[in-house]
Structure formats: structure tokens, C-alpha cells
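S.K.: Requesting a structural model of the entry that follows:
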Amino acid sequence: MRIGGYWGVLAPAGLLLSACAGSGHNLPPPSTEIDETVYRNHIRVLASDDFEGRKPGTLGEEKTLAYLVEQFRKLGLKPGNGESFLQQVPMIETLCGTDASLSVTGRSGALTLAYGKEMVIWSRRSSPQADLRGSELVFAGYGIVAPEYAWNDYAGIDVRGKTVLVLVNDPGYGTKDPKIFRGGAMTYYGRWAYKVEEAARQGAAGVLLIHDGDAAGFGWSVVQSTWTGAQLGLSAADGAAGRAVIEGWIQKDAARAVFAEAGLDFAATAAAAASAGFKPVPMGLHVDATLHNDVRPITSANVIAQLPGGSRHGEYVVYTAHWDHLGRDPARPGHNIFNGAIDNASGVAGLLTLAQSFVRTKPVADRTIVFLAVTGGDAGLLGSEYYAENPVFSLRQTAAVLNLDTLHFGGPTRDVTVFGAGNTDLEEYARAAALLQGREVTPEPGPQQGLYFQSDNFSFAKAGVPALYAKGGLDDSARGPIWGRARLDDYVAHRYRQPSDQYSPDWDVRGALEDLTLYYDVGNRVARTRRFPRWYPNSEFRVSRDRRAAP
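M.R.: Numbering: from 1, shown residues only. Take a look at the predicted model:
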């Protein structure tokens, strides 16, 4: 796949001139093409059983870090963190016992929910045991406090010591009314992680998220594979004492049963929660929950490499991808390694492949190019959050972040999807690069899923750095959008966060190579342009650069 676009024209021309001037031999310059063989090989290695699912705190992490550092060294890149390629990220790992219990008691007795099948609970507190006893249950709608949308689901009630039951997504999803939040497109407030954080700020002792596959963007099997087993969180000086005692998901049918026990109609009450003026509903029920944790501190690491720039070397363009996945589940029969070939060996392979192309680009870009492989992406964007809070390179001087996550699999597409569109003029850079490829940027096919908030670009957007997450859309060049939609749905249903997400040498990766070409063009343009990309005035992430914290 040839690097396209006028932003890449200087690179091969510069290489050719330097080669002719520096040698009596007319040798061709190294190619700046996105190298398919290199890309495939990186996925094959990173997604192999030998890497054991790349979970932080395991032998799989050690192998992954060693591999990434070795590859960056081979490319001649400089360490990104002083003399080291690693940024240590302190974490806490908690393993919840399968004897975790949750019951809801009403007038007719106790309703006990089965762990794994009907509920999954955990505690982020650094304690070997967590308990709720007779905690009053309150339905808090979407669990949102958003002054800019004139919305407060906790208005008029004190939930300290109580357990809140909340819906995923936000009221715009519930109504599809474009005048409420952002209509069908999820906002930051729709994220499950936000709801857990807000419940803690309100003083809730417990928070239970009602799972809905359409609203959440993933099925119950993803809850089972992601939130059971050892859980990771960033280390906190207070042992995460500010978090709720119990956090968790309950399956939608189980939620219906809880509402019935309270004498409430689930559908009607949930619909009311999407209406302005909704008031939280005390349910007349009480929650008892117990779990036992094995707690251990671990240290994981982000991997950082840099290609120093020229005249603006103190300014940065950052490419990111999370290297981690879910490890292995010894209790599973048969193949029990979560290889994470698409999620996210594909993104890390893309990061390494882009690094090779930039190393071969001459003249060197004005700004420094940073390649950041972060840890804990699948555990809640932990590594990118840590970096944004402890930046190695000044966020004030970071022009843009370009995120690579679960790259497109399949052939070329006629379209490009920009996730979280309407936030930054990096989208115009992507649109221009796509047009040069004969593609167009089309609306996000599932804006209600809020995928922009589920990937590492979000950590930087929150910190005020314009961040782009884009990849090939659903309109397959040969088979059309219906085939592309079916292919994606099949992946989400059968391979996403499952051991079946494995690499195959018969993969068609032309679409991914096309996307990497686009990302090269966008990053190369940003690295050679005087002006920093900007947030659009109506973006929820709009933060002036003078408010950004320098390291």
C-alpha cells in the first residue's frame, strides 16, 4: 500500500536527493510504504499463544514489553522516558472470589442473583472483603449530573450509604430526541465508568449498572469475560476508599425482576428516566452483598519511543495503541487464551508499522513523533489515564493524539468512520486524507455506543489534547455495506473479548493498510504544520491550551 497524499510527497523526494548527494551509487531510498509483511508479522507474534493474552502483571506482559522495546530499538528510535522506553504504572489487582453474593429483599422475601449469570460485582477498594448490609436501593435513572444539559438524576435525594441502580448510556439514547443531550449519540455521561464515579461522588455505598446490549454496545458475554477474574485499577494512596463499596452489573432480565419486586414496571420507569424532571425513585428494597478479594499491588508499564523532530522538536504528535488484553482463563475448557488479535494486537502492530514508515521519512518532520503503547486499555484505559495525569511530554505542547484501536479487518472500504465526530478539526485532516484515497467520511454507524469514550483517545481528550480515533467504515469496496455490517456484527457476537479473537494468515488486511496510510498522512501533516489542531467551539472537550497542565 503506497503512502498517498500530498503530505507524503516531501518524504520520498527528500530521501532520493539525500541518497544521490551522499553516495556515488544510485540506490533507491528505503520505502515509506505501509509494509504489509511487517504489519502481519507483528500481529502474528503479539497474538500468539506464547504471549498468553498480554495481561498486565503476567509473564505475557514481560514478553510484550520486551518485544516492543526490541522493535523500537531496531528501528533506531530513542527512548521516550529519559533513558528508558518504559513508564512504570502502579496498579492494584483484585481477584473477586466466585462465592460473591448479591440479594435484594422486599416484602415477599429475598431475590438472590446468580454470580456470572445474572450479576457480576466487584470492589475497587484495597480490602480483602467488601459487604453491604441492608443498603436501601434507589433507582437513579441514568445516574447523571450534567449542569450544561440542565440534568441532575440525584436531585432531591441523599444516597449516602445507599445502593443506586442506574441505566447505561444517557437520556438522549432513551428518547432519540436531538434536543436532549446529543440525541442518539452517546456523550461522556453515558459511559459506565462515569456512572460509577458519579455514584461514589454522591456517597453511594453501592452502584449497580443495568446491562442492555444495545445501549452499552456489548453483550453480557463481554461483561462475563471482562469483569470477572482478576481486575486492575490504578494504585491510589487511600486504597480507593472514595469508591463505592460494591460496584457491578446486573443482567436486564434480573433488573426486571427487581423492579417487579418493588411493584414497578421496568419499561415504564426506565422510559420516565429519559424525561426532563425525572426524580430518583426509592424502591422500598434493600441490598445485601458480600465478596472476598485477593489483593496484590503490581507494576505495569507504558512503552514510549520517540522520533525527534526538527525545528519544532519541543512539540509532539503522539500515536497511541493499547498493548494489553485479557490474559487467560484457566477455568475455561479447551482454548483459554484471550489472544486479542484484533483487540488490540492489530493496533500495536499498526503503531510499529507506522514507526517504520516515519523513520524512513526524510526530511524529518518539524515536530517530534511519539509512539506510545499503553497498558490497561481493556481494564478501563488505565495506562493512558496514568500518562495523561503524569505526562512525559508536555500536554500543552502536544499538538494531537492519533489512536489505533481494533483496526479494520477485511478489504478496502469506500468510507472512513470518525468516532466521536464533531469535536476537533483533526476530522478535517482525516476527511482530506480520505478523499485523496477515493474515500469519504461517513457518520458513525453506532453513535449510541460511544466508542470514542471507550478507547485511549478519551484520556487525552479529557486532558484537552485534540484526539482522533478513525478507521475504515462498513462499505466494503467489493461487497457493500450490508456485508460489512454483517461481518462486524459477527465479530462482536463471536470474537470480541473472547478466546476466538485469533490471527489467521488468510486475513485480508488491505483495509487496515489503507487506514494506516491515512493515519500516516494525517500525522505527517500535523507534524509539519505551524498551527495546532483545535477543538470545535461546541465540543464537550473544548479546553483552552493555557489550562492544560505541563509535566
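
S.K.: Roughly how far does the residue nearest to Thr368 when sequence neighbours are not counted sit from Ser31?
M.R.: Leaving aside its sequence neighbours, Thr368 sits nearest to Gly309 (C-beta to C-beta, 6 or more residues apart in numbering; 4.1 Å). Placement of C-beta: from N, CA and C, glycine included. When C-beta to C-beta, to the nearest Å is applied, the distance between Gly309 and Ser31 equals 22 Å.

S.K.: again, but for Glu247
M.R.: Going from Glu247 to Ser31 by C-beta to C-beta gives 50 Å.

S.K.: Pick out whichever of those two has more residues nearby.
M.R.: Neighbour count, other C-beta atoms under 10 Å: between Glu247 and Ser31, Glu247 has more, with 25 against 14.

S.K.: Pretty sure the more buried one sits in a strand.
M.R.: Yes: inclusion of Glu247 in a strand is indicated when DSSP: H, G, I helix; E, B strand; the rest coil is applied.

S.K.: Would you mind measuring from it to Leu436?
M.R.: Computed with C-beta to C-beta, the distance linking Glu247 and Leu436 is 46 Å.

S.K.: Now do the contacts for Gly242.
M.R.: For Gly242, the contacting residues are Ala200, Ala236, by C-beta atoms under 8 Å, 6 or more residues apart in numbering.

S.K.: which stretches of the stretch 301-450 of the chain form helices?
M.R.: Secondary structure of the stretch 301-450 of the chain (DSSP state H, counting those that start in this stretch): helices located at 346-359, 382-389, 426-436.

S.K.: same for the second one, what does it pack against?
M.R.: Yep, that's helix 382-389 we're talking about. Contact here means 3 or more C-beta pairs under 8 Å, 6 or more residues apart in numbering; DSSP states H and E; on that basis helix 382-389 packs against strand 86-96, strand 230-234, strand 281-307, strand 312-322, strand 367-374, helix 457-462.

S.K.: Go again with 10 Å.
M.R.: In terms of contacts (3 or more C-beta pairs under 10 Å, 6 or more residues apart in numbering; DSSP states H and E), helix 382-389 is packed against strand 86-96, strand 230-234, strand 281-307, strand 312-322, strand 367-374, strand 398-403, helix 457-462.

S.K.: Could you check the first one and say which residues are buried?
M.R.: In this case it means strand 86-96. Taking 16 or more other C-beta atoms under 10 Å as the basis for neighbour counts, the residues of strand 86-96 that come out buried are Leu86, Gln87, Val89, Met91, Ile92, Glu93, Thr94, Cys96.

S.K.: So for the helix or strand containing Thr64, what gets flagged as buried?
M.R.: Secondary-structure assignment from DSSP states H and E places Thr64 in helix 59-74. Across helix 59-74, burial judged by 16+ other C-beta under 10 Å covers Gly60, Glu61, Lys63, Thr64, Leu65, Tyr67, Leu68, Val69, Gln71, Phe72.

S.K.: Measure how that helix sits relative to strand 281-307, angle-wise.
M.R.: Here the directions of helix 59-74 and strand 281-307 differ by 30 degrees (axes from the mean of the first three to the mean of the last three C-alpha atoms, to 10 degrees).

S.K.: the inter-axis angle of helix 59-74 versus helix 346-359?
M.R.: In terms of direction (the same axes, to 10 degrees), helix 59-74 departs from helix 346-359 by 10 degrees.

S.K.: Remind me what helix 59-74 packs against, helices and strands.
M.R.: helix 36-46, strand 78-79, strand 86-96, strand 281-307, helix 346-359, strand 367-374.

S.K.: go again using 7 Å as the cut-off
M.R.: Under the contact definition 3 or more C-beta pairs under 7 Å, 6 or more residues apart in numbering; DSSP states H and E, helix 59-74 sits against strand 281-307.

S.K.: for the record, mean pLDDT for the strand it packs on?
M.R.: For strand 281-307, mean pLDDT rounds to 96.

S.K.: tell me which residues in it are buried?
M.R.: Along strand 281-307, these residues count as buried under the neighbour rule (16+ other C-beta under 10 Å): 281, 283, 285-293, 298, 300-307.

S.K.: just stretch 526-542 next, same as before
M.R.: Of the residues in stretch 526-542, those scored as buried under the neighbour-count criterion (16+ other C-beta under 10 Å) are Val526, Ala527, Arg528, Thr529, Phe532, Pro533, Trp535, Glu540, Phe541.

S.K.: Then stretch 130-139?
M.R.: Of the residues in stretch 130-139, those buried by neighbour count under the rule 16+ other C-beta under 10 Å are Ala130, Asp131, Leu132, Ser135, Glu136, Leu137, Val138, Phe139.

S.K.: can you dump the C-alpha coordinates of it into PDB?
M.R.: The C-alpha coordinates for stretch 130-139 follow below in PDB (Å, rounded to 0.1, in the frame of the first residue of the first chain):
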ATOM      1  CA  ALA A 130     -16.500  -6.000  51.000                       C
ATOM      2  CA  ASP A 131     -20.000  -6.000  52.400                       C
ATOM      3  CA  LEU A 132     -23.300  -4.300  52.000                       C
ATOM      4  CA  ARG A 133     -25.900  -5.000  54.700                       C
ATOM      5  CA  GLY A 134     -29.500  -3.800  54.300                       C
ATOM      6  CA  SER A 135     -28.500  -1.000  51.900                       C
ATOM      7  CA  GLU A 136     -31.600   0.900  50.600                       C
ATOM      8  CA  LEU A 137     -32.000   0.600  46.900                       C
ATOM      9  CA  VAL A 138     -32.700   3.700  44.800                       C
ATOM     10  CA  PHE A 139     -33.300   3.800  41.100                       C
END
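
S.K.: show me the biggest helix of the protein in terms of residues.
M.R.: helix 510-528 (DSSP state H).

S.K.: List the contacts of Ala399.
M.R.: With contact set as C-beta atoms under 7 Å, 6 or more residues apart in numbering, Ala399 has these partners: Glu315, Tyr316, Val317, Arg367, Val526, Phe532, Pro533.

S.K.: Pro56: which of those is nearest?
M.R.: For the contacts of Ala399, the minimum distance to Pro56 (C-beta to C-beta) is 25.1 Å, reached by Tyr316.

S.K.: Contacts only, for that closest one.
M.R.: Counting by C-beta under 7 Å, 6+ apart, Tyr316 touches Arg367, Thr368, Val370, Phe393, Gln397, Thr398, Ala399.

S.K.: Bridged to the third one, which residues?
M.R.: Counting by DSSP bridges, Val370 is bridged to Gln306, Val318.

S.K.: thought it was touching Gly80?
M.R.: Yes: counting by C-beta atoms under 7 Å, Val370 does reach Gly80; the two are 6.1 Å apart.

S.K.: Spit out the residues that contact these two alike.
M.R.: Overlap between the neighbourhoods of Val370 and Gly80 consists of Ile304, Gln306, taking contacts as C-beta under 7 Å, 6+ apart.

S.K.: Throw the helices and strands packed on helix 382-389 into TSV and include distance to Leu167, thanks.
M.R.: As requested, the helices and strands packed on helix 382-389 are arranged in TSV below (distance: least, C-beta to C-beta, whole Å):
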stretch	distance to Leu167
strand 86-96	24
strand 230-234	23
strand 281-307	12
strand 312-322	27
strand 367-374	30
strand 398-403	28
helix 457-462	21
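
S.K.: for the ones you listed, which one sits closest to Thr187?
M.R.: Between Thr187 and those, the shortest gap by C-beta to C-beta is with helix 457-462, which sits at 11.9 Å.

S.K.: Could you identify the helix or strand that succeeds that closest one?
M.R.: Sequence order places strand 467-472 as the next helix or strand after helix 457-462, per DSSP H and E.

S.K.: gap between that next one and the chain center?
M.R.: Centroid separation between strand 467-472 and its chain, computed with C-alpha atoms, centre = their mean, to the nearest Å, is 12 Å.

S.K.: Quick check: mean pLDDT of that strand?
M.R.: Looking at strand 467-472 alone, the average pLDDT works out to 97.

S.K.: counting contacts, what elements does the helix or strand hosting Val104 pack onto?
M.R.: Following DSSP H and E, one finds Val104 within strand 101-106. Counting contacts by 3+ C-beta pairs under 7 Å, 6+ apart, strand 101-106 is packed against strand 109-113, helix 252-261, strand 281-307.
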